[in-house]
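A.B. asks: with the sequence up front, the predicted model follows.
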Number of protein chains: 2
Amino acid sequence: MGIGQSAEIIAVGSELLLGEILNSNAQFLAHELAALGIPHHFQSVVGDNQSRIHSVLETAIARANLLIFTGGLGPTPDDLTLAAIAEFFNVPLVEHPDIWADIQAKFAQRQIIPSENNRKQAFLPEGAQPLPNPIGSAPGILWAVSDSITVITFPGVPRELRRMWEETAVPYLRQQGWCQGPLYRRILRFWGITESALAEKVQDLLYLSNPTVAPYASRGVIRLRLAAQANSPAEAEAIIGPVEQEIRQRCGLDYFGRDDQTLATVVGDLLRSQGQTLSVAESCSGGGIGYRLTSTSGSSDYFLGGVIAYHNAIKIHQLGVSPVTLAQEGAVSAEVAKQMAQGIQQRFQTDWGVSMTGIAGPTGGTATKPVGLIYIGIAAPSGQVSTYEFRGSAQRGREWIRDISISSALDYLRRTMMIQSPELIQREILPGGRNNGN
Amino acid sequence: MGIGQSAEIIAVGSELLLGEILNSNAQFLAHELAALGIPHHFQSVVGDNQSRIHSVLETAIARANLLIFTGGLGPTPDDLTLAAIAEFFNVPLVEHPDIWADIQAKFAQRQIIPSENNRKQAFLPEGAQPLPNPIGSAPGILWAVSDSITVITFPGVPRELRRMWEETAVPYLRQQGWCQGPLYRRILRFWGITESALAEKVQDLLYLSNPTVAPYASRGVIRLRLAAQANSPAEAEAIIGPVEQEIRQRCGLDYFGRDDQTLATVVGDLLRSQGQTLSVAESCSGGGIGYRLTSTSGSSDYFLGGVIAYHNAIKIHQLGVSPVTLAQEGAVSAEVAKQMAQGIQQRFQTDWGVSMTGIAGPTGGTATKPVGLIYIGIAAPSGQVSTYEFRGSAQRGREWIRDISISSALDYLRRTMMIQSPELIQREILPGGRNNGN
């Protein structure tokens, strides 16, 4: 692969243009190209229409060398990716009898007789090599059309595409010299800081070229992506490591984890490493804290369970919240959050108790207690109970308020654990700890 | 809108090219364009790179008239969609003081001081009209660049984009004459039947032209989309209604609701209409049934709460499950599900009790109790307790198994309520009931 060469992903299918399916194949292939170090600057989507496929091809060959098509290889008349490609490059479609035999055999296994339509799938552009499909009827092609243009096609079925990509296309691309200087990535994750405040803190680093550092945000989690061009994991670590350490030094407790870590797995790892247990008392979150904590297999090591106390009677009878407090302060109050956290900690006999009560909306808000007002309680092993007031934006809606406040509760627990055990800060947050791979 | 005019969706973001996120915005917009009757033949994806955005613009203006951009409106230096568009059409970016004031006010509400970076979001191409963002800081633009080119931009955050699309962009497009011959849609929702079995049941209807009937599936929910070309809601109802009734007659209890209804809202409406209450006892679902039930505001009318009994000690002490049963049958057994459902119903004094215990994986499976094996228990007001065995596919992973089994539990509760009260079947499932809008 020469300098300046790159891939383009072209998805063919009217169902994409009608919004009936998500283009998950593009995400898969994009991720794979990045991992192989194959530059990739553009993606296109086009319908099952021969002249529009030609126009996309025209644009693509002017800016990319490796054209990866997905979709339009099926047996029906609207599947015309290969016909369009063959016509564009001015070659005929030729039948491959072995492919037709293979299709017939696959159908026989399922005791179905293939229709004449299916025979179409045995016709490939002249000069193209079949890309075997071990699990479906439609093969793809691997085709070095010229010194500068390579075309690969896949069926649109994600399961088939993935298998064909891994088994045949990747070895082919490696052998053709496409995969050089792969890109290594690390994601650093932050909570409790806005994207722009984080960007300001690391502003000078956003202009680095190797590694590149880019911020993005999703559901309150702010991420920094560090990407390095390197020839080995060790070289990548030498490029990424110092920048990562610098960022973590600057951001302190707002950094919570990297790569696939989530607030729930980080909290779980902290609890496990301390040999401690946790229970939850949930009102407005309705079980969502427990659901999030148990999203990881093995969470039974530290999570014992909880009470969903949606109705006040449950808060009183199952958690021991005082009816007087409920009457005087209301269910959405710091004091009730405190009693809920204490109640669950004592009744479930866990080291930590976490509670949440609030107004997720869209109804139920008042002038003094607006929609989005959430109280989080943490009962610590020391017996100390602290509460945290979180104010979500009412405009964002119930689903968002609940999702973000659950993250906030997990983050608040994480910070409380950290602050009470300074050795955890040293280990988890500051460079040199196990999150650095030591 | 003249003949031959069409839209192109252009997503900007290196995170798309790196495969870090799915292009769900393109699916949403594509679906909406189809619903509005706006032709749409191409989609593009390009990175945060000014000259590549220019090259995509060059291609797009040659084949489309309405260019819809998503992404790249954030506060950081790599967000340069507007700068690229302004430069391409050769106009300066001008500051809108009212937008900057609005950004400052939004930050003040959350008690945060905006950074100087955020100010960038108040600069729009000269001549472009701001497209207000009611929930985030970045506004978009609505810009009739010339008689033949209109540009609309949205931030990449799906929630913001959807709200801005519905509140401002759609009215704008209607007013500009883009939306002709509107398409009316109704979604019928099914659970407990495969997509192919449903397609077979309604095969003859899949060839209708008005309304069109198309099946699709997502997370176990099978949907039939009925789409009618009509000039008024009443005309659409006359076209869609009889086909809907025919489908519901054929599908019986596998049909559960339409349009925005979910299994959780349907169960909630049934409980409310009967004046009954519900509590949950959750093991492997970890609070997910409660979380799903409380996703609707007003669920406190019928949902009182529950116990997350992740650890066996909690099952014994909080739900009264027999230690002998746990030892003999194991925690994942129909008998334990039964005792959990009974225990929660009695202790929380609700009409109904629902329980779940199972192996969500990926670890913990055995030859006799594989990953994906789930038991659901339902304790009815009559005192009768029934259990249901659900087997999820281990290959689909923990998240999928939990999500689908929670839906199954809600569906099983729905069917149990229906079967015990035949008047509900008449009202909810068969034509003429309130689901038909009567």
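C.D. replies: Everything's here; your move. Numbers count the residues shown, from 1 in each chain, chains lettered A, B, ... in the order given.
A.B. asks: quick one, what contacts residue A:309?
C.D. replies: A:281-283, A:315, A:318-319, A:321, A:340, B:305 (CB atoms under 8 Å, 6 or more residues apart in numbering or on different chains). Just so you know, the C-beta spots here come from the backbone N, C-alpha and C atoms, and that holds for glycine as well.
A.B. asks: list just the nearest of these to residue A:354.
C.D. replies: Closest to residue A:354 out of the contacts of residue A:309 is residue A:281 (7.4 Å), distances taken as CB to CB.
A.B. asks: ok, what's across the strand from residue A:44?
C.D. replies: Under DSSP bridges, the beta-bridge partners of residue A:44 are residue A:10, residue B:44.
A.B. asks: got the contact list for it?
C.D. replies: Neighbours of residue A:44 in contact, by CB under 8 Å, 6+ apart: A:8-11, A:56, A:59-60, B:42-45.
A.B. asks: returning to that earlier point: going by distance to residue A:26, which of the contacts of residue A:309 wins?
C.D. replies: For the contacts of residue A:309, the minimum distance to residue A:26 (CB to CB) is 38.1 Å, reached by residue A:282.
A.B. asks: surely that closest one meets residue B:288?
C.D. replies: No - using CB atoms under 8 Å as the test, residue A:282 is too far from residue B:288 to be in contact (11.8 Å).
A.B. asks: in the strand or helix carrying residue A:346, what's buried?
C.D. replies: In this assignment (DSSP states H and E), residue A:346 forms part of helix A:334-347. Within helix A:334-347, the residues scored as buried using 16 or more other CB atoms under 10 Å in any protein chain shown are A:334-345, A:347.
A.B. asks: try stretch A:351-371
C.D. replies: For stretch A:351-371, burial by neighbour count (16+ other CB under 10 Å) applies to A:351-361, A:364-365, A:371.
A.B. asks: of the residues you listed, which are in range of chain B?
C.D. replies: Applying CB under 8 Å from any CB of the partner chain, the subset of the buried residues of stretch A:351-371 adjacent to chain B comprises A:360-361, A:364.
A.B. asks: does the most far-flung residue of chain A relative to its centre count as helix, strand or coil?
C.D. replies: Distance to the chain centre peaks in chain A at residue A:324, reaching 45.4 Å (criterion: CA atoms, centre = their mean). For residue A:324, the assignment made with DSSP: H, G, I helix; E, B strand; the rest coil gives helix.
A.B. asks: again with residue A:366
C.D. replies: State at residue A:366, reduced to three classes by three-state DSSP: coil.
A.B. asks: flag every residue of the stretch 51-200 of chain A that's near chain B.
C.D. replies: A:52, A:55-56, A:59, A:63, A:185, A:194-197, A:199-200.
A.B. asks: is it true that residue A:420 touches residue A:386?
C.D. replies: No - applying CB under 8 Å, one finds residue A:420 not in contact with residue A:386, separated by 10.0 Å.
A.B. asks: the more surrounded of the two?
C.D. replies: residue A:386 (16 against 12; other CB atoms under 10 Å in any protein chain shown).
A.B. asks: which stretches of the stretch 101-250 of chain A aren't confidently modelled?
C.D. replies: The stretch 101-250 of chain A contains residues with pLDDT under 70 at A:110, A:180-181.
A.B. asks: what ranges do the helices span in the stretch 201-350 of chain A?
C.D. replies: A:233-251, A:263-274, A:288-293, A:312-319, A:323-329, A:334-347 (DSSP state H, counting those that start in this stretch).
A.B. asks: what angle do the fourth one and helix B:312-319 make?
C.D. replies: Note on geometry: by axes from the mean of the first three to the mean of the last three CA atoms, to 10 degrees, helix A:312-319 and helix B:312-319 are set 130 degrees apart in direction.
A.B. asks: any common contacting residues for residue A:282 and residue B:288?
C.D. replies: residue A:290.
A.B. asks: which one of these two has more residues nearby?
C.D. replies: residue A:282 (31 against 27).
A.B. asks: for that one, give its distance to chain B.
C.D. replies: Residue A:282 sits 7 Å away from chain B, taking CB to the nearest CB, to the nearest Å as the criterion.
A.B. asks: again with residue A:265
C.D. replies: Going from residue A:265 to chain B by CB to the nearest CB gives 13 Å.
A.B. asks: within range of chain B, give me the residues from the stretch 201-350 of chain A.
C.D. replies: A:206-207, A:214-218, A:225, A:227, A:280, A:282, A:284-291, A:293-295, A:297-300, A:303-311, A:313-314, A:318, A:347-348.
A.B. asks: just the element for residue A:106, please.
C.D. replies: Residue-wise, residue A:106 maps onto helix A:97-109 under DSSP H and E.
A.B. asks: what residues does that helix touch?
C.D. replies: Contacts of helix A:97-109 (CB under 8 Å, 6+ apart): A:113-114, A:118-119, A:121-122, A:124, A:130, A:137, A:139.
A.B. asks: stretch A:350-357 now?
C.D. replies: Contacts for stretch A:350-357 (CB under 8 Å, 6+ apart): A:271, A:274, A:276-285, A:289, A:304, A:331-333, A:336-338, A:340-346, A:374-381, A:405-406, A:409, A:413, A:417.
A.B. asks: at 6 Å instead, please
C.D. replies: A:276-283, A:285, A:304, A:331-332, A:336-337, A:340-341, A:344-345, A:375-379, A:381, A:409, A:413 (CB atoms under 6 Å, 6 or more residues apart in numbering or on different chains).
A.B. asks: in strands, which of those fall?
C.D. replies: Among those, the ones falling in strands (DSSP state E) are A:278-282, A:304, A:375-379.
A.B. asks: check contacts around residue A:297.
C.D. replies: Contacts of residue A:297 were listed using CB under 6 Å, 6+ apart, and they are B:362-363.
A.B. asks: residue A:248 is in contact with residue A:255, correct?
C.D. replies: Yes - using CB atoms under 6 Å, residue A:255 is in contact with residue A:248, at 5.2 Å.
A.B. asks: those two: who's more crowded?
C.D. replies: Neighbours per residue (other CB under 10 Å) separate residue A:255 from residue A:248, with residue A:255 holding more: 25 against 21.
A.B. asks: ok, what's across the strand from that one?
C.D. replies: residue A:190.
A.B. asks: from chain B, how far off is it?
C.D. replies: To chain B, residue A:255 is 18 Å away according to CB to the nearest CB.
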